[in-house]
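> Here's a sequence, model it:
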Amino acid sequence: MDKNTITGLILIFAIFIGFSVFNGSRMNKSYKQAVEVADSLYAKGDLENARAEYINALRFKPNQPEAVSKVNEINKMLGFTPAPVKNDSTGIDKSQKINPEQAVAAISASDSGKYGAFGASVTGDTGLITLENNKIELKIMPKGGRVFSARLKEYRTFDSLPLILFSGDSTVFGFNFYTSDNKAVQTNDLYFTPISENKSFEAASSSQSVILRLMAGENRYIEYKYTLAPDKYSVDFDVTFKSMEGIIASNVSSITLDWRVYIPQQEKGRQNEEYYTTIKYKYYQDDVEGIRLRQSKDVEQKDLPTKLNWVAFQDQFFSSVLISKDYFINGTVKSTKTPLSPDYIRYFTSEVGVPFNPGQETALGMKLYYGPNHISTLRKEGLELEKLVFLGKNIIGWINRFIIIPVFNWLEKYIGSYGIIILILTILIKIVLFPLTFKSYQSTAKMQVLKPMVEEIGKKFPKQEDAMKKQQATMDLYKRAGINPMGGCLPMLLQMPVLFAMFRFFPVSIELRQEHFLWATDLSTYDSILTLPFTIPLYGAHVSLFTLLMTASTLLTMKMTGSSPGSDQPGMKLMMYMMPVMFMFMLNNFSSGLTYYYFLANILTYLQNIVSKRFIDADKVLATLEENKKKPLKKSKWQQRLEAAAKQRGIQAPKR
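Residues are numbered from 1 along each chain as shown. The predicted structure is shown next:
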């Protein structure tokens, strides 16, 4: 790597930081301008346009309290319906926050005519029904007959609150269809009637079911049946359309199931959580795909024209999954950023086509999974749900699934501390990779022995036009000494898949979530020994000690192995120090389990190099060189062709 390349990399890094600072300043300016316009419109009484401008301002600086407060105020003045915010352990939202994107007018009794046969269901019971087992607690709402909230009993949020996957009136779940007299029906807006007067069902020793019916006349209804078994995260969801002839058009072959959820923030490391919060889906008898991770757009949408097995709304460690026991005909999914609320990560929507055959009684079988992204738990549910956990593609995913995870799970059976498990896992990995590490260090150390001779060759061919001669002479020297110049690179390259596999493994391992080790309170997110009063671009507003230790140990290891020919050049030395610092910025917000692993790996590599150094005999390398100098150097066929081509261009090969 020459000086121009080094200079270019430094300039790119400087430009990147400068752009981050400039972009932040530009966002502040744009925010102020939008707020000024909004304030002017508000003063004139133009509430609709003022609201639009306040929302526009929040696109530049999300979650600004002043702008959010103004939007909430205008929404109330315009009569928009408020959306929920997280509250207490009951899962019921007592405080309310306006969501202008979802604002709709309340349905009243006067609307009954537009729902035809379902007109009597525009009002009804508002009491919630509880369906629970030892794993989850569901609150089922008669309005829409849907799950109002889903709480996971064995987990808590990062701030020790009950972990609720979703909750509140912002959730939409229901069928959309037209009646035979062309009335648009959305079951989410209508009231179902519970069959039982019981308001609480506990699946402690046997399965329990909650049945609700949306009435359309005598013995005519749409029935929802939720069945929960003990020790399960999944709920059977069976839908029956009873005597719908003449109500739903006879030529209908499918109906739309509309599902919409706000995904709340559950973890301390919002950056990581945003990265892994996405929508995934499985094509019928095919692979699992989804909206890409680290979504950069405000809105990302996918049209799914073929059959589907399931659709999942997923965050870093938990998922809500809608599963068909047969298949969905097609679907559309959309992910939207939520700039108006700091409590939520994304707003997910999906519309799937459900096969429908009008008749005396039509039954649809589905299942709802509300639970952790835990591979063995998901695998029990079938249909490749374990692929919700992204472990990397190709060889990276293979290493994680068939090597790292089985070893990790085996260690977990006998060791209670995950910090110790990571230590032992690191030692095992380094032992397995030691032959490659040793070979790499051996090649580097041998090249170091020949360093003075390489420098002499450089002095012999100082001119730029003699670069080819210099390269050929250097290669001849290495060959006579029995050294393969690529011997140090290839073993390192073979270790890279393991390095990347661990990069994918730690941030999605729910086993590390909220596990303490030393000063790290949660190995699944960053550790912090100091909170800064300001934010450093790319770095953040905290100092991670494991990241600092990782950086220091990387520099220590590089100092030992970086004294090969050429590494003493000023540009190369600068690059040696630049790369670890760049990674320090990049990984400061990552999982502390990951940076702890990299720190351990660096220390073990350093110790291995100390051991390997004892096996390098400099005198033996030089003796081999002197012995081979007496023998004619056999040229490879490739080298012969290279010299022949050089002669045709008038370049004389150096004499040996």
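> Distance of residue 353 relative to residue 257?
Residue 353 sits 8 Å away from residue 257, going by CB to CB, to the nearest Å. To be clear about C-beta, it is placed using only N, CA and C from the backbone, and glycine gets the same treatment.
> Now the common contact residues for the two.
The contact sets of residue 353 and residue 257 overlap at residue 328 (CB atoms under 8 Å, 6 or more residues apart in numbering).
> Just want to know which of the two has more residues nearby.
Ranked by neighbour count (other CB atoms under 10 Å), residue 353 and residue 257 place residue 257 first, with 24 against 19.
> Tell me what that one is bridged to.
Note on residue 257: beta-bridge partners by DSSP bridges are residue 175, residue 352.
> for the one 5 residues further on, same thing?
Listed by DSSP bridges, the beta-bridge partners for residue 262 are residue 347.
> so it makes contact with residue 169?
No. Taking CB atoms under 8 Å as the definition, residue 262 is not a contact partner of residue 169, at 10.4 Å.
> Counting neighbours, go ahead and name the busier of those two.
Neighbour count, other CB under 10 Å: between residue 262 and residue 169, residue 262 has more, with 25 against 18.
> what about residue 180, neighbour count?
17.
> what does the model give it for pLDDT?
pLDDT, residue 180: 81.
> Then residue 195?
The model's pLDDT for residue 195 equals 92.
> The closest residue to it other than its chain neighbours pairs with what?
Excluding the flanking residues, the one nearest residue 195 by CB to CB, 6 or more residues apart in numbering is residue 211, at 4.3 Å. Beta-bridge partners for residue 211, by DSSP bridges, are residue 225.
> right, and residue 211 touches residue 225 too?
Yes. The pair residue 211 / residue 225 is scored as a contact, 5.0 Å apart, by CB under 8 Å.
> Residue 244 - how many residues pack around it?
25.
> Relative to residue 158, how far out is the residue nearest to residue 143 when sequence neighbours are not counted?
Leaving out its chain neighbours, the residue that sits closest to residue 143 by CB to CB, 6+ apart is residue 191, at 5.3 Å. Going from residue 191 to residue 158 by CB to CB gives 36 Å.
> okay, these two: which has more neighbours?
residue 191 (22 against 19).
> and residue 184, bridged to which residues?
Beta-bridge partners of residue 184, as defined by DSSP bridges: residue 178.
> And the helices in the stretch 501-650 of the chain, which stretches?
545-561, 570-587, 592-613, 618-629, 637-648 (DSSP state H, counting those that start in this stretch).
> Compare these and say which comes out lowest on pLDDT.
Across these, the lowest-scoring stretch is helix 618-629, with a mean of 59.
> Next secondary structure after the host helix or strand of residue 349?
Residue 349 is part of strand 344-355 when elements are defined by DSSP states H and E. Using DSSP H and E, the helix or strand that follows strand 344-355 towards the C-terminus is strand 361-372.
> Give me the contacts around that next one.
Taking CB under 8 Å, 6+ apart as the rule, strand 361-372 contacts 135-136, 138, 147, 150, 152, 155, 165, 226, 233-244, 312, 317-326, 354-356, 377-378, 381, 385, 510.
> buried residues in that strand?
362, 364, 366-372 (16 or more other CB atoms under 10 Å).
> Just send the residues you listed back as a markdown table, with pLDDT and distance to residue 282 too.
Formatted as a markdown table, the buried residues of strand 361-372 follow (pLDDT from 0 to 100; distance: CB to CB, whole Å):
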| residue | pLDDT | distance to residue 282 |
| --- | --- | --- |
| 362 | 88 | 24 |
| 364 | 93 | 18 |
| 366 | 95 | 14 |
| 367 | 96 | 13 |
| 368 | 96 | 15 |
| 369 | 97 | 12 |
| 370 | 96 | 17 |
| 371 | 95 | 17 |
| 372 | 95 | 18 |
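> Can you name the two of the residues you listed that sit furthest apart?
Greatest spatial distance in these: 362 and 372, 33.9 Å, computed using CB to CB.
> Find the nearest non-adjacent residue to the most centrally placed residue in the chain, please.
Using CA atoms, centre = their mean, the residue of the chain that lies closest to the mean C-alpha position is residue 276, 1.8 Å off. Leaving aside its chain neighbours, residue 276 sits nearest to residue 316 (4.1 Å; criterion: CB to CB, 6+ apart).
> What separation do you get for that neighbour and residue 122?
39 Å.
> Any buried residues in stretch 255-271, and which?
So, applying 16+ other CB under 10 Å, buried residues of stretch 255-271: 255-270.
> which among these gets closest to residue 504?
residue 269 (16.0 Å).
> Enumerate every residue touching that closest one.
Taking CB under 8 Å, 6+ apart, one finds 524-526, 589-591 in contact with residue 269.
> Now do the strands in the stretch 251-400 of the chain.
254-264, 278-283, 288-290, 299-304, 308-314, 318-328, 331-337, 344-355, 361-372 (DSSP state E, counting those that start in this stretch).
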